[in-house]
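*Asks:* the following block contains a protein sequence and its predicted model.
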Amino acid sequence: MHVLHVVRQFYPAIGGLEDAVSNLAVALKRDCGITTSVVTLDRQFSRLDATLPPRDTYQGVPVQRIPFRGSTRYPLAPTVLQHLGQADIVHVHAIDSFFDGMALTRPLHRRPMVASTHGGFFHTDFASRLKLAYFASVTRASSLAYDRIIASSESDAARFNEIAASKTVTIENGVNIGKWQGAGSPQRRGR
C-alpha cells in the first residue's frame, strides 16, 4: 500500500502541522511497512524568496516539492495531480486549497481520499464571518469527495459533524515524546 501525504508545508519548515505529518509518514513506513511519500509546496511561507529542491528525502520518506501561485493563505498548485503516481490513498492534511482542489479533481484521479483537519482554518478571528460562510458552502461541498474526515481534536469533530457527520472520525494528533527523552535529571531531586 502507498499513502501519499499532501500538505502545504513540510520539512524544512517547522511547526505543528509539519511535525504531525512527518511523524505519521515516518511511523507508517517504519512501524507498518506502508510506503509513504509527501507532496508539498516548493517554498517555505517564512522564506518565499528561496525555492527548495524539487526532490528530497526526509527520514527515508520521499518528498516532492511543487511550485505554487497566489497567497500563502490559499496557495494554488495544480501540478499536484501529476504526482499522485501509484498512490493507493491520498491523505490531505489541513483544510486549504489542497483540500478543495483534490476534492474538485477526484473525478479525474479517482483515488480514495482522507483528510486530517489540523484545526481547519479557524485559528484566528480574522474574517470570521467569511470563514463560516466558506465552511458552510465550499468546505461542505469539498467534504463530499472524501471517504473520511479525520478530526484532529474534539472541537474539530464537533465542527465537521455539522457538515459531514457520517464521514467524520476523531483521531487526535499523537505527540512525539522521544525528543524529551533524557532531558530530565538521571537522579531524582527534591525539586
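*Replies:* Here it is on my side, so go on.

*Asks:* in the helix or strand of the chain with the lowest mean pLDDT, which residues are buried?
*Replies:* Within the chain, no helix or strand scores below helix 128-134, which has a mean of 90 by mean pLDDT, DSSP states H and E. Using 16 or more other Cβ atoms under 10 Å as the burial criterion, the residues of helix 128-134 that qualify are residue 131. Bear in mind the C-beta positions are built from the backbone N, C-alpha and C, glycine included.

*Asks:* and that helix, how far from the chain's centre?
*Replies:* On the basis of Cα atoms, centre = their mean, to the nearest Å, helix 128-134 sits 21 Å off its chain's mean C-alpha point.

*Asks:* do stretch 120-140 as well
*Replies:* Per Cα atoms, centre = their mean, the centroid offset for stretch 120-140 relative to its chain is 18 Å.

*Asks:* re earlier: contacts for the least confident helix or strand of the chain?
*Replies:* Applying Cβ atoms under 8 Å, 6 or more residues apart in numbering, the external contacts of helix 128-134 come out as 121, 122.

*Asks:* can I get it in CSV? Just the C-alpha atoms.
*Replies:* Coordinates of the C-alpha atoms in helix 128-134 are reproduced here as CSV (Å, rounded to 0.1, in the frame of the first residue of the first chain):
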residue,chain,number,x,y,z
SER,A,128,-14.7,35.0,10.9
ARG,A,129,-18.0,35.6,9.1
LEU,A,130,-16.4,34.9,5.7
LYS,A,131,-14.8,31.7,7.1
LEU,A,132,-18.1,30.5,8.4
ALA,A,133,-19.8,31.1,5.1
TYR,A,134,-17.0,29.4,3.2
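
*Asks:* and residue 157, what helix or strand is that in?
*Replies:* Using DSSP states H and E, residue 157 maps to helix 154-164.

*Asks:* let me see the contact set for the residue positioned nearest the centre of the chain.
*Replies:* The residue lying closest to the centre of the chain (Cα atoms, centre = their mean) is residue 93, at 1.7 Å. Listed by Cβ under 8 Å, 6+ apart, the contact set of residue 93 reads 5, 6, 7, 17, 20, 21, 115, 116, 118.
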